[in-house]
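Undergrad: give me a model of this one.
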Amino acid sequence: MSDRNKDQFAVSRRNLLGQTLQLGVGASVLAMGFPIFSTANAAGLPGPLTVHCLCPTWCREGDIAVFEKDKGVQVTRACWTSNLSTLTKLATGGTADWDVVAVHHAFLYPVIRRGLLHPLDMSQCPNASHLFTYFKNAQFAVSEGKVYGVPYVWTYDSVVYNADHIQDVDSWGVLFDEKYAGKVALRDDAQNAIQVAALYLGHKDPSVLSTDDLKEIKKFLISKKHLFRKLWTGYAEAMTLLRSGEVWALSGWRPMWWALAKEGMNMKYAIPKEKGIGAIHYYVISKETKLLPTSYAFIDWTLGPYWGAAVGADEGYNGTSDLLLKDLKPALQTELGYDRIDEILKSVQFLDYPLNLNEWTQTWTEIKAA
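TA: Presented below is the predicted three-dimensional model:
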């Protein structure tokens, strides 16, 4: 990204946060039924700890129970609903309600710049020394020499495909190939669909697209619209399309591939030569937390052997620390790509939030209406 675009991006991020504050969204959903612990335990950790996180996937009740047992402290989950609602809630009282917060890498800038986070003393997260090299060097959570977040999981969008019908997919182009007309699907999401097309058409940074770029992409997607069996809108719908054989390939997510492969289907997950669309999720600490030692303990625990191995084995996601390899069987390590993690990371692009998202949304609306 050019220096000028970086400056524009910084301004856009500030504006984005300002816009979200007017939306009035971000209500938490609190999980219930946890065991009662005292606020001071044998390990000296105060509680209860409130963690704002993705409850169904990376903050599962059973996994949290392991932490609670290990540390003797209660955790209350406040369930994530969207990136924008997280930003809004943090800026309108969330810093007092939440201790640890999950934030997508593309949304870290506005919360750091607004002073909503506690700068981290990384000596309090010793397991961070075991981060894979890429994540040790990532700068998404660094500002003015201070670290504000620790990456705990990463993933990337790619092509999920049935290898009984399509072999050796290495490009987003399979979704735009005339010979698979009616057997492919695209996600009904302006940001994702446009990024997929932009990557395939050769745009090196699909988060920075001009009006002319969007016109080019719109023309291309309209010309390919007849190929798509469906524009899918949710995980369950995409899974049904793949499971039934109604489609052979779609732009999808790692757990789709993982779950269907575990069911016995010959499902594969591509590494596109144009690059996959990556996401890194960070845990940050609220500036107003009264439970700093417990917050550090929780973040450090997610980098330990248990957590990353559990979400990998169950859901096909990748952790960020090599400690998880202690609890993950060698065959699963290979299947999840840990034996070639550097190679895979070179084939993934961790994109910023689009500068002109409203224009993207309008473009996608016009594509669907054509």
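Undergrad: residues contacting the nearest residue to Leu116 once chain neighbours are set aside?
TA: With Cβ to Cβ, 6 or more residues apart in numbering as the criterion, Leu116 has its nearest non-adjacent residue at 4.9 Å, and that residue is Leu90. Any C-beta I mention is one placed from the backbone N, CA and C, and that applies to glycine too. When contacts are counted by Cβ atoms under 8 Å, 6 or more residues apart in numbering, Leu90 touches Trp98, Val101, Val111, Leu116, Ser286.
Undergrad: hmm, 7 Å instead?
TA: Leu90 sits next to Val101, Val111, Leu116 when contact means Cβ atoms under 7 Å, 6 or more residues apart in numbering.
Undergrad: secondary structure class for it?
TA: helix (DSSP: H, G, I helix; E, B strand; the rest coil).
Undergrad: please report the distance of it from Ala270.
TA: Separation of Leu90 from Ala270 (Cβ to Cβ, to the nearest Å): 35 Å.
Undergrad: quick one: the strands in this protein, in order.
TA: Using DSSP state E, the strands of the chain run over 49-53, 75-79, 100-104, 142-143, 146-147, 149-162, 184-187, 228-232, 249-252, 267-269, 276-285, 318-319, 348-350.
Undergrad: who wins for proximity to Leu260 among those?
TA: Closest approach to Leu260 among those (Cβ to Cβ): strand 267-269, 4.2 Å.
Undergrad: that closest one - contacts with which helices or strands?
TA: strand 149-162, helix 254-262 (3 or more Cβ pairs under 7 Å, 6 or more residues apart in numbering; DSSP states H and E).
Undergrad: hey, which helix or strand in the protein has the poorest pLDDT?
TA: Using mean pLDDT, DSSP states H and E, the weakest-scoring helix or strand in the chain turns out to be helix 3-21, at a mean of 39.
Undergrad: neighbours of the residue nearest to Trp307 when sequence neighbours are not counted, how many?
TA: Leaving aside its sequence neighbours, Trp307 sits nearest to Asp63 (Cβ to Cβ, 6+ apart; 6.2 Å). By the criterion of other Cβ atoms under 10 Å, Asp63 has 17 neighbours.
Undergrad: Asp63 touches Ala310, doesn't it?
TA: Yes: Asp63 is within contact range of Ala310, at 5.8 Å (criterion: Cβ atoms under 7 Å).
Undergrad: hey, which of the helices and strands packed on strand 267-269 is tucked in deepest?
TA: Comparing the helices and strands packed on strand 267-269 by mean neighbour count (mean count of other Cβ atoms under 10 Å), strand 149-162 comes out on top with a mean of 24.
Undergrad: that one pairs with which strands?
TA: Note on strand 149-162: by DSSP bridges, its sheet partners are strand 249-252 (antiparallel), strand 267-269 (antiparallel), strand 276-285 (antiparallel), strand 318-319 (antiparallel).
Undergrad: related to what we said a few turns ago, want to throw the strands of the chain into JSON lines with mean pLDDT and distance to Thr240?
TA: Shown next, in JSON lines, are the strands of the chain (pLDDT from 0 to 100; distance: least, Cβ to Cβ, whole Å):
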{"stretch": "strand 49-53", "mean pLDDT": "97", "distance to Thr240": "27"}
{"stretch": "strand 75-79", "mean pLDDT": "97", "distance to Thr240": "24"}
{"stretch": "strand 100-104", "mean pLDDT": "97", "distance to Thr240": "27"}
{"stretch": "strand 142-143", "mean pLDDT": "96", "distance to Thr240": "42"}
{"stretch": "strand 146-147", "mean pLDDT": "96", "distance to Thr240": "42"}
{"stretch": "strand 149-162", "mean pLDDT": "97", "distance to Thr240": "13"}
{"stretch": "strand 184-187", "mean pLDDT": "98", "distance to Thr240": "11"}
{"stretch": "strand 228-232", "mean pLDDT": "97", "distance to Thr240": "9"}
{"stretch": "strand 249-252", "mean pLDDT": "97", "distance to Thr240": "11"}
{"stretch": "strand 267-269", "mean pLDDT": "97", "distance to Thr240": "14"}
{"stretch": "strand 276-285", "mean pLDDT": "97", "distance to Thr240": "23"}
{"stretch": "strand 318-319", "mean pLDDT": "97", "distance to Thr240": "26"}
{"stretch": "strand 348-350", "mean pLDDT": "95", "distance to Thr240": "27"}
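Undergrad: for His130, find the nearest of these.
TA: strand 318-319 (10.1 Å).
Undergrad: hmm, who's touching that closest one?
TA: With contact meaning Cβ under 7 Å, 6+ apart, strand 318-319 is reached by Tyr152, Val153, Trp154, Thr155, Trp307, Gly308, Val311, Gly312, Leu336.
Undergrad: ok, back up a step: include distance to Asp170 when you put the helices and strands packed on strand 267-269 into TSV, please.
TA: Listed next are these as TSV, based on distance: least, Cβ to Cβ, whole Å:
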stretch	distance to Asp170
strand 149-162	9
helix 254-262	15
